[in-house]
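**Q** just the structure for this:
(chains A, B, C and D)
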Number of protein chains: 2
Amino acid sequence: MSDHSPAFHDHNHETCTHDVLHHAEGLVRQEGLRLTPVRRRTLEILVSEHRAMGAYEVLDRLAADGFGNQPPVAYRALEFLVEHGLAHRINRLNAFAACMHPGEAHSPLFLICQSCEAVAEAPADPVRTAVEKAAVQHDFSVERVNIEVLGTCPTCAGNGKEA
Amino acid sequence: MSDHSPAFHDHNHETCTHDVLHHAEGLVRQEGLRLTPVRRRTLEILVSEHRAMGAYEVLDRLAADGFGNQPPVAYRALEFLVEHGLAHRINRLNAFAACMHPGEAHSPLFLICQSCEAVAEAPADPVRTAVEKAAVQHDFSVERVNIEVLGTCPTCAGNGKEA
DNA sequence: TACTGAGTTGCTACAATATAACGTTAGGTG
DNA sequence: CACCTAACGTTATATTGTAGCAACTCAGTA
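**A** Below you'll find the predicted structure:
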């Protein structure tokens, strides 16, 4: 078992959930942020599903748990998580996913299964380097890099569902 | 000279416009596709602006030119262009841009200026290689790669407009 | 105890982006 | 021409995302 939690392999989900929540609490303490109930629950929802979820889907869960049921409730909690590196936004899907490598100062690379929408987050440091090289040739100063890879995860490939 | 930034470097815009249109006509002939007036005009609009444009913005131009003025008109033309590699979708901006390297079978890498929204398209073959490597480690089969880099273009950096 | 001020929440209302579905039109083929 | 298919333009609606405001929470403080 690797020290990261690849979404496309069996893994101890309780462990990865615990790790992510634990990191979030540490970060929050360290930075003087507030992991309020709605924010914490939002992160729990994302981690427990371990896939990209739309804001309105998250909102439904939150509402079912007694939080507000209007869009800003979800968007604000998600924005907080993204801003502090606890979750990522997957533009391709208009969706959000918990960050599974929190605190590693990584340039996230997302492997998005087109069949089941599972999202794995891979370390992308070599990719980041290549990106920087390309940017330099355009005199472009890089702030954030977002890499989204569409394809088929091993589970769906195994089910004969590949494109 | 136009009042917006072209793709970060001075270039002969008539030439690049001509090249892109010329390639499109060739592709269409080769593949038996139809570059209808609305599709051709959509491509011209994207090329002439040389930046990411929202679908509704494109639609306004099309309507002004006598084409339909309802969303599907723009979305369908844009979809056609994207599908055949003549344009790209920039998810981050919910926007579209003409492909400036048509026919090169590239994995597009977009440099998006957060200040002026100019978009440059860089060749990303080394990046693509790095991406494939990361995907293999997850037994993930890659179909399409989309890389969006946010930052500041040299023009805006020179203007001290980095905010 | 009460007061303040920043941050958070839930809400109403709305804006922006995108698609479904259908009848009509345009081009190609026998 | 008759026929077929792709494309077009339309109406209507779905989905995704924000602006802005009043009420509440909580830490700090008098």
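**Q** surely A:Gly68 is in a helix?
**A** No. A:Gly68: not assigned to a helix; according to DSSP: H, G, I helix; E, B strand; the rest coil it is coil.
**Q** surely it meets A:Leu62?
**A** Yes. Using Cβ atoms under 8 Å, A:Gly68 is in contact with A:Leu62, at 7.2 Å. C-beta: built from backbone N, CA, C; applies to glycine.
**Q** for chain A, which helix is longest?
**A** In chain A, with assignment by DSSP state H, the single longest helix is helix A:13-31.
**Q** got a list of contacts for that helix?
**A** Here helix A:13-31 makes contact (Cβ atoms under 8 Å, 6 or more residues apart in numbering or on different chains) with A:5, A:33-35, A:40, A:43-44, A:47-48, A:50, A:84-86, A:98-100, A:102-103.
**Q** show the buried residues in those.
**A** A:5, A:35, A:40, A:43-44, A:47, A:50, A:84-86, A:98-100, A:102 (16 or more other Cβ atoms under 10 Å in any protein chain shown).
**Q** show me which of those is closest to B:Cys156.
**A** Closest to B:Cys156 out of the buried ones among the contacts of helix A:13-31 is A:Gly85 (25.9 Å), distances taken as Cβ to Cβ.
**Q** read off the pLDDT value for that closest one.
**A** You'll see A:Gly85 listed with a pLDDT of 91.
**Q** helices or strands up against the longest strand seen in chain A?
**A** The longest strand of chain A (DSSP state E) is strand A:141-152. The contact analysis (3 or more Cβ pairs under 8 Å, 6 or more residues apart in numbering or on different chains; DSSP states H and E) places strand A:141-152 against strand A:109-113, helix A:125-136, helix B:125-136, strand B:141-152.
**Q** so what strands line up beside the shortest one?
**A** Which is strand A:109-113. strand A:119-122 (antiparallel), strand A:141-152 (parallel) (DSSP bridges).
**Q** point out the most buried one among those.
**A** strand A:119-122 (a mean of 25; mean count of other Cβ atoms under 10 Å in any protein chain shown).
**Q** follow-up on the earlier one: a markdown table for the helices and strands packed on strand A:141-152, including mean pLDDT and distance to B:Arg92?
**A** Output for the helices and strands packed on strand A:141-152, formatted as a markdown table (pLDDT from 0 to 100; distance: least, Cβ to Cβ, whole Å):
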| stretch | mean pLDDT | distance to B:Arg92 |
| --- | --- | --- |
| strand A:109-113 | 89 | 13 |
| helix A:125-136 | 88 | 14 |
| helix B:125-136 | 88 | 17 |
| strand B:141-152 | 89 | 5 |
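**Q** nearest to DNA strand C, out of those?
**A** For the helices and strands packed on strand A:141-152, the distance to DNA strand C is smallest for strand B:141-152, at 13.5 Å, taking Cβ to the nearest atom of the strand.
**Q** which positions within the very next helix or strand once past that closest one qualify as buried?
**A** Note on strand B:141-152: by DSSP states H and E, the next helix or strand toward the C-terminus is helix B:154-158. Using 16+ other Cβ under 10 Å as the test for burial, helix B:154-158 gives B:Thr155, B:Cys156, B:Ala157.
**Q** for A:Val136, state which of those residues is nearest.
**A** Nearest member of the buried residues of helix B:154-158 to A:Val136, counting by Cβ to Cβ, is B:Ala157, at 12.9 Å.
**Q** what residues does the closest residue to that closest one other than its chain neighbours make contact with?
**A** Spatial nearest neighbour of B:Ala157, excluding adjacent residues (Cβ to Cβ, 6 or more residues apart in numbering or on different chains): A:Ser141 at 6.0 Å. For A:Ser141, the contacting residues are A:Ala135, B:Gly151, B:Thr152, B:Ala157, B:Glu162, by Cβ under 8 Å, 6+ apart.
**Q** likewise for A:Ser48?
**A** A:His13, A:Thr17.
**Q** quick one: what helix or strand has it in it?
**A** Going by DSSP H and E, A:Ser48 is in helix A:37-49.
**Q** distance between that helix and the chain's centre?
**A** 11 Å (Cα atoms, centre = their mean, to the nearest Å).
**Q** skip ahead from it and say which helix or strand is next.
**A** helix A:55-64.
**Q** tell me which residues in the helix or strand that comes right after that next one are buried?
**A** Per DSSP H and E, the first helix or strand lying C-terminal to helix A:55-64 is helix A:71-83. For helix A:71-83, the neighbour count (16+ other Cβ under 10 Å) marks A:Val73, A:Ala74, A:Ala77, A:Leu78, A:Glu79, A:Phe80, A:Leu81 as buried.
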